[in-house]
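Engineer: sharing a sequence plus its predicted fold:
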Amino acid sequence: MGRVFGTDGVRGLANAELTAELALDLAFAAANVLSDATGGRRPTAVVARDTRASGEFLEAAVVAGLAAAGVDVRRIGVAPTPEAAFLTDAWDADFGVMISASHNPMPDNGIKFFGRGGRKLDDAVEDAIEGLLGRRELRPTGADVGRIIDAPAGLDTYIDHLVSSSPETLAGLRVVLDCANGAAHRVGPAAFERLGASVVAIHDQPDG
């Protein structure tokens, strides 16, 4: 078997190369590697996905793997990749997980991990995660299993961040925004409107 991680996470045809079993296994292994420096406290992770239909079952598998490894999960739902990275840092999470294949065709999907601060993992860390695939020695029980919390407030937190990063207002502008039925279909229009633009959003009704 070749290296599971590619140049940007783990990608493949969803439910063929990238299965629910692999997603759960990756999450469990990543939890054990990325939670090593928590100082004994319960680790936390941010989990997000894009609008692909397969993201629903892959998200469920990832969240299950993390909770089974004792990680508390803040699930933000559909969100663009930069939002997942930003909230990993803003919420002081130990790591983040983004379920997305970016520009790849719709049947594909992927799993990308962020370290503390929302940063890309080094190859050595990815290798350590691969080295734990299939191992189940450390299984917390009782009150030590992770909890799963839906965190929709992350959307407004990220929009606030985007708006605060703009030095100018967009008042008086009329903007047509093509959301490509993607993960930014809510963030994009909301941020432009908050900056004062009149927004006409198209392709903002993703169906999977």
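Structural biologist: That came through fine.

Engineer: now do the phi/psi pair for the closest residue to Ser166 other than its chain neighbours.
Structural biologist: Excluding its sequence neighbours, the residue lying closest to Ser166 (C-beta to C-beta, 6 or more residues apart in numbering) is Leu195, at 5.8 Å. C-beta: built from backbone N, CA, C; applies to glycine. In terms of degrees, to the nearest 10, the main-chain angles of Leu195 are phi -80, psi 0.

Engineer: Leu195 reaches Leu170, doesn't it?
Structural biologist: Yes. Counting by C-beta atoms under 8 Å, a contact exists between Leu195 and Leu170, whose distance comes to 4.3 Å.

Engineer: can you map out the strands along the chain?
Structural biologist: With DSSP state E, the ranges of strands along the chain come out as 10-13, 44-49, 72-78, 95-99, 108-115, 119-120, 148-150, 174-178, 198-202.

Engineer: the residue nearest to Ser166: what's it in contact with?
Structural biologist: Each residue near Leu195 by C-beta atoms under 8 Å, 6 or more residues apart in numbering is listed here: Val163, Ser166, Glu168, Thr169, Leu170, Ala171.

Engineer: just give me how far stretch 119-127 sits from the chain centre.
Structural biologist: The offset between the C-alpha centroid of stretch 119-127 and the centroid of the whole chain comes to 16 Å, using C-alpha atoms, centre = their mean, to the nearest Å.

Engineer: neighbouring contacts of that stretch?
Structural biologist: For stretch 119-127, contacts defined as C-beta under 8 Å, 6+ apart pick out Phe5, Val33, Leu34, Ala85, Phe113, Phe114, Gly115.

Engineer: can you list the domain ranges for the chain.
Structural biologist: 10-152, 166-202 (automatic domain parsing).

Engineer: and for the protein, the residue most distant from the center?
Structural biologist: In the chain, counting by C-alpha atoms, centre = their mean, Gly172 sits farthest out from the average C-alpha position, at 34.5 Å.

Engineer: who's in contact with that one?
Structural biologist: Gly196.

Engineer: and Asp25, by the same measure?
Structural biologist: For Asp25, the contacting residues are Gly65, Leu133, Gly134, by C-beta under 8 Å, 6+ apart.

Engineer: and it, what's its pLDDT?
Structural biologist: According to the model's per-residue confidence, Asp25 sits at a pLDDT of 95.

Engineer: again, but for Arg3
Structural biologist: According to the model's per-residue confidence, Arg3 sits at a pLDDT of 82.
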